[in-house]
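Undergrad: what's the 3D shape of this:
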Amino acid sequence: MILRSFSVLALFPIVLFIFSGCATGDPNQQSRKTMLAEIAAEPPGDYFIGRRYYKVDYKFWGFIRKPGESWAKARMVMLNEQQKLAPDRELGKLGSDNGYEYKLYGSFSGDTVYEPASNGFYPEFVLKGYELKNVSPASIFQATGALDPQRRVIAKPY
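TA: Residues are numbered from 1 along each chain as shown. Coordinates of the predicted model:
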């Protein structure tokens, strides 16, 4: 009886260690929960949410979604900057805002633009204005290194 009690007590720290790891959870999972809560709190309106996704070799701007929609519904876009320059281009520092989140004003033109480096066709978004929302928002990508500007792989948001 004493031996049995001892073996259970000896295993207790191991079991506690295993379950405490589960209780704290994956930091990415917590970040995703925070992001989903922020999306749910977005008021409806005549604007879009944009996430800059800069790649050295590509000319697309990033992902745009409607307020309240998940990033999985976001569309990779080409920006039409005839009315307003993109934030990084306005500063003269191309790609300096990689990963930043913006409140964007404008509309989809209905046109599709070919981007030769990715051999892809993307919807055109006519930018009329923007507000910077966050310089270090929660990641919208499951893939590690998705925001690396040198990496040629194009990640999809989740």
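Undergrad: N134 and D57: what is the separation?
TA: 26 Å (Cβ to Cβ, to the nearest Å). Where C-beta positions appear, they are placed from N, C-alpha and C, glycine not excepted.
Undergrad: More neighbours: which of these two?
TA: N134 (13 against 10; other Cβ atoms under 10 Å).
Undergrad: And the more buried one, what's its pLDDT?
TA: pLDDT, N134: 96.
Undergrad: go on, the one 5 residues further on?
TA: Confidence per residue is given as pLDDT, and for S139 that number is 92.
Undergrad: separation between it and A37?
TA: According to Cβ to Cβ, S139 stands 15 Å off from A37.
Undergrad: Those two: who's more crowded?
TA: Using other Cβ under 10 Å as the criterion, S139 and A37 rank with S139 on top: 20 against 10.
Undergrad: Who are the contact partners of that one?
TA: 28, 31, 35, 146-147 (Cβ atoms under 8 Å, 6 or more residues apart in numbering).
Undergrad: Mind doing that once more with 7 Å?
TA: Applying Cβ atoms under 7 Å, 6 or more residues apart in numbering, we find S139 in contact with S31.
Undergrad: Can you list the buried residues in stretch 129-147?
TA: 130, 133, 137-141, 146-147 (16 or more other Cβ atoms under 10 Å).
Undergrad: which stretches of this protein form strands?
TA: 48-52, 62-65, 75-80, 101-115, 120-134 (DSSP state E).
Undergrad: And T144, how far from P67?
TA: Counting by Cβ to Cβ - T144 and P67 are separated by 28 Å.
Undergrad: Residue nearest the middle of this structure, spatially speaking?
TA: The residue lying closest to the centre of the chain (Cα atoms, centre = their mean) is I140, at 2.9 Å.
Undergrad: My read is that that residue contacts W71, right?
TA: Yes. The criterion here is Cβ atoms under 7 Å, and I140 meets it with W71 at 4.2 Å.
Undergrad: between the two, what contacts are shared?
TA: 157-158.
Undergrad: Just grab the bridge partners of R65 for me.
TA: I49 (DSSP bridges).
Undergrad: ok, now which ones touch it?
TA: Contacts for R65 (Cβ under 7 Å, 6+ apart) come out as 48-49, 71, 73-74.
Undergrad: Since that was my last question, I'll sign off now.
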